[in-house]
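Student: Got a sequence here, can you model it:
(chains A and B)
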There are 2 protein chains.
Amino acid sequence: MKTLILTKGDVLDLISMKLVIKEVEVAFIELAAGTAKMPAKSYVSLEKGDFRAMPAALSGASGIKWVNVHPANWQINLPTVMAVLIYSDPETGCPLAIMDAGEITAYRTGAASAIASRCLANPGADSLGLIGAGRQAHTQLQAHMELFNLKHIRIYDIDNDRAQAFVQSYPGLPVSSGSIEEVCDSAIICTTTPATKPIVRLDWIKKGTHINAIGADAPGKQELETEILKNARLVVDDIEQASKSGEINVPIKQGHISPDTITATLGDCITGRARCRLNENDITVFDSTGIAIEDIAVARAIYNMAISKNRKKYLEVDFLS
Amino acid sequence: MKTLILTKGDVLDLISMKLVIKEVEVAFIELAAGTAKMPAKSYVSLEKGDFRAMPAALSGASGIKWVNVHPANWQINLPTVMAVLIYSDPETGCPLAIMDAGEITAYRTGAASAIASRCLANPGADSLGLIGAGRQAHTQLQAHMELFNLKHIRIYDIDNDRAQAFVQSYPGLPVSSGSIEEVCDSAIICTTTPATKPIVRLDWIKKGTHINAIGADAPGKQELETEILKNARLVVDDIEQASKSGEINVPIKQGHISPDTITATLGDCITGRARCRLNENDITVFDSTGIAIEDIAVARAIYNMAISKNRKKYLEVDFLS
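Tutor: Have a look, this model is predicted:
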């Protein structure tokens, strides 16, 4: 029994945003069809951070992502988030590969947003607003570049230097920085901050805007004013997870909105089971918590490419030896 | 960031039953003291088997075991159960080691039983009955050898050849095979079968016997007649997990016993918070489902030995490279 070991560099050699968008879309279709298996994410909370265990199975694929969030890691030059994914054969249980899943997480999060934007934004949307200029902002931009013809990209970060650095890293693109209000004047907005108090106000949001709310991924986090959620058509990746730990978790806990407010899941939007945007004036929100099927679908593609391309290039371990 | 890769052979070089008994005992003490963190085990059920995700944290240690059960694997010469454990630094989230956890699982299961037997069996218990002659029977025997002076060891398996093979693998020990009734005539009994219908009857059990019920580890499994549970002082490793997937799960579901029947957890027995055996005639049962803190405690000891002994001996991977 051989297990492939894939480092971040190995994954980066194999991954592309085009591929990830395709795989994430398939994962949501499988989830909507009921052929995916995904128990609830479980959390281990510690003094300096937490871990999340994210197991799932799709057709021909199974595995688990084990990912931490340690906010003070920057002080010791370590990433806040590190993820390891065990990719297993559902037929035998064998661990086929163990791979770094930091890039997989960032790519699939961008891909899910861009897929949601394609379903929910108004046709011809050509401006993107990014709130937060961290790791996730890059893959939000890259994924939207795959699916949209962007004429204006604006970015805001509480740390202006970070926003400037982001702008400078895309010299060939129409990217500029701006105030949070200016950034909100976009057809599509992506919020990727660790905010625990709402930072985006309803009166900054034009009619017809689509918002991907990414940052809130644990109880107590919220980026959008509750009034936005009350006035929007609301789509989630997973109803249970969004209600517990997504953008809507705080307003639900406070009794300001109910889980019945959710219009549909992303899978239902993709498959056309649900009609999410009713008219061009609707504000739409995709509450993205990040779900295990996305990771496992991407891992399946990475593994299949690794073994079909040049298997000998990668380290292999026989754990049973 | 370097992650140590430890194969089964590496783990076997470092592990010993004496060590594992010590670590498992500490884990149960931490659990009883409330300093351990352990969300519920989650299951991914597939056509040919299932996976269990078992995350936990103890003082200075955290991680997750990802383990499958694929009953038909013997047909293709693969183990039914394979386990991979990611051992992480709770301070930073870094994956410190990835190790095969098949041996860890078998050793810690044996250790938990022997610890339960020390707490619950009558003083001077010197006979051990093993029902089921698979992998787990060996570590049940080895663990009890550490803590008891055994004069009679009897084994039964539905497949008599397997029982004979077990006997022959311990030429220096007083081991013999017998009928299931004969094996039940022991001061301590360990059941390690995959039975889904009870195979041990109350009228075979003498007063004062202690039983470690190991086999039932998923909904629908049961090895002991419900009458035994009704007439016994009942100790569990984890109340929630035992009620859902342990020896008591079927009788609870059928309404024959209630979770209130549970006398105590093993942690409460070890720390003396609960008095479990009241007199020498009590039948006592330890319902062992196997919990993540046991695995993480043993992984902590294995990792610490690996890095302090001869770190260079082991493969290291920089997943972030």
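Student: Can you show me the helices along chain A?
Tutor: A:8-14, A:17-33, A:102-120, A:135-147, A:160-168, A:180-184, A:226-230, A:239-245, A:249-253, A:266-270, A:292-310 (DSSP state H).
Student: how about those helices, which one is nearest A:Glu47?
Tutor: helix A:239-245 (19.7 Å; CB to CB). Glycine gets a C-beta too; all of them are placed from N, C-alpha and C.
Student: Now do the closest one: which elements does it pack against?
Tutor: Using 3 or more CB pairs under 8 Å, 6 or more residues apart in numbering or on different chains; DSSP states H and E, the elements in contact with helix A:239-245 are helix A:249-253, strand A:262-265.
Student: Looking at these, which one is packed in the most?
Tutor: Most buried of those, by mean neighbour count (mean count of other CB atoms under 10 Å in any protein chain shown): strand A:262-265, with a mean of 20.
Student: number of nearby residues for A:Lys309?
Tutor: Using other CB atoms under 10 Å in any protein chain shown, A:Lys309 has 11 other residues around it.
Student: just A:Ser62 next, same as before
Tutor: Residues near A:Ser62, counting by other CB under 10 Å: 28.
Student: Contacts only, for the residue nearest to it when sequence neighbours are not counted.
Tutor: Using CB to CB, 6 or more residues apart in numbering or on different chains and skipping the chain neighbours, the partner closest in space to A:Ser62 is A:Pro90 (4.1 Å). Contact analysis of A:Pro90 by CB atoms under 8 Å, 6 or more residues apart in numbering or on different chains lists A:57, A:60-62, B:46-48.
Student: Show the contacting residues for whichever residue of the stretch 201-321 of chain A sits closest to chain B.
Tutor: Nearest residue of the stretch 201-321 of chain A to chain B: A:Phe319, at 4.2 Å (CB to the nearest CB). Applying CB under 8 Å, 6+ apart, we find A:Phe319 in contact with A:1, A:3, A:95, B:7-8, B:82, B:84, B:99-100.
Student: Which residue comes closest to it once chain neighbours are left out?
Tutor: Closest to A:Phe319 by CB to CB, 6+ apart is B:Asp100, at 4.2 Å.
Student: burial count for the one you found?
Tutor: B:Asp100 has 26 nearby residues by other CB under 10 Å.
Student: for A:Ala40, same thing?
Tutor: A:Ala40 has 18 nearby residues by other CB under 10 Å.
Student: I figured A:Glu294 was touching A:Val26, is that so?
Tutor: No: using CB atoms under 8 Å, A:Glu294 is not in contact with A:Val26, being 10.1 Å away.
Student: So if I had to pick from the two, which one is more boxed in?
Tutor: A:Glu294 (30 against 18).
Student: rewinding a little: please identify which of the helices of chain A is closest to B:Lys309.
Tutor: Taking the helices of chain A one by one with CB to CB, helix A:8-14 is closest: 28.8 Å.
Student: Identify the farthest-apart pair in the contacts of A:Phe319.
Tutor: It's A:Met1 and B:Met99 that sit farthest apart of the contacts of A:Phe319, by CB to CB, at 14.8 Å.
Student: Which of these two has more residues huddled nearby?
Tutor: B:Met99 (30 against 16).
Student: In space, what's closest to that one - neighbours in sequence excluded?
Tutor: Counting by CB to CB, 6+ apart, the residue nearest B:Met99 is B:Leu6, at 3.8 Å.
Student: now swap in A:Leu78 and tell me
Tutor: In space, A:Leu78 is closest to B:Thr92, 5.6 Å off (CB to CB, 6+ apart).
Student: correct me, but the one you found touches A:His70?
Tutor: Yes: counting by CB under 8 Å, B:Thr92 does reach A:His70; the two are 5.7 Å apart.
Student: A:Tyr43: what's it in contact with?
Tutor: Contacts of A:Tyr43 by CB under 8 Å, 6+ apart are A:50-52, A:218, B:39.
Student: Equivalent analysis for A:Cys94, please.
Tutor: A:Cys94 touches A:1, A:3, A:88, B:78, B:82, counting by CB under 8 Å, 6+ apart.
Student: Run a quick neighbour tally on A:Arg189.
Tutor: Not quite, residue A:189 is Ile, not Arg. Residues lying near A:Ile189 (other CB under 10 Å) number 28.
Student: thinking again about what came up before, neighbour-wise, which of the contacts of A:Cys94 leads?
Tutor: A:Ser88 (29 neighbours).
Student: does that residue really touch A:Leu58, like I thought?
Tutor: No: A:Ser88 is not in contact with A:Leu58 according to CB under 8 Å; the separation is 11.8 Å.
Student: pLDDT weak spots in chain A?
Tutor: Applying pLDDT under 70 to chain A flags no residue at all.
Student: Spatially central residue for it, please.
Tutor: Chain A has A:Thr109 as the residue nearest its centroid, 2.1 Å off, counting by CA atoms, centre = their mean.
Student: what residues are up against it?
Tutor: A:Thr109 sits in contact with A:136, A:139-140, A:214, A:288, A:290, A:294, where contact means CB under 8 Å, 6+ apart.
Student: For PyMOL, write a command that selects the buried ones of these.
Tutor: Typed into PyMOL, the line below selects the buried ones among the contacts of A:Thr109, using 16 or more other CB atoms under 10 Å in any protein chain shown:
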select buried, chain A and resi 136+139+140+214+288+290+294
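Student: mind putting the contacts of A:Thr109 in TSV, distance to chain B included?
Tutor: Formatted as TSV, the contacts of A:Thr109 follow (distance: CB to the nearest CB, whole Å):
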residue	distance to chain B
A:Gln136	17
A:Thr139	17
A:Gln140	22
A:Ile214	20
A:Ser288	22
A:Gly290	16
A:Glu294	16
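Student: list the contacts for A:Asn212?
Tutor: A:113, A:116-117, A:140, A:188-191, A:285-286, A:288.
Student: one step back: mind picking the two most distant members of the contacts of A:Tyr43?
Tutor: Farthest-apart pair in those is A:Ala218 and B:Pro39; separation 14.0 Å (CB to CB).
Student: so how far is stretch A:293-309 off the chain centroid?
Tutor: 17 Å (CA atoms, centre = their mean, to the nearest Å).
Student: and that stretch, which residues are buried?
Tutor: In stretch A:293-309, the ones that count as buried by 16+ other CB under 10 Å are A:293-303, A:306.
Student: Could you do stretch A:42-57 as well?
Tutor: Buried residues in stretch A:42-57 (16+ other CB under 10 Å): A:42-44, A:46, A:49-57.
Student: JSON lines for those residues, including distance to A:Ala274?
Tutor: JSON lines is the format used below for those (distance: CB to CB, whole Å):
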{"residue": "A:Ser42", "distance to A:Ala274": "28"}
{"residue": "A:Tyr43", "distance to A:Ala274": "29"}
{"residue": "A:Val44", "distance to A:Ala274": "34"}
{"residue": "A:Leu46", "distance to A:Ala274": "38"}
{"residue": "A:Gly49", "distance to A:Ala274": "36"}
{"residue": "A:Asp50", "distance to A:Ala274": "32"}
{"residue": "A:Phe51", "distance to A:Ala274": "33"}
{"residue": "A:Arg52", "distance to A:Ala274": "28"}
{"residue": "A:Ala53", "distance to A:Ala274": "30"}
{"residue": "A:Met54", "distance to A:Ala274": "25"}
{"residue": "A:Pro55", "distance to A:Ala274": "27"}
{"residue": "A:Ala56", "distance to A:Ala274": "22"}
{"residue": "A:Ala57", "distance to A:Ala274": "24"}
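Student: Please identify which of these is nearest to A:Phe166.
Tutor: Of those, the one sitting nearest to A:Phe166 (CB to CB) turns out to be A:Gly49, at 25.0 Å.
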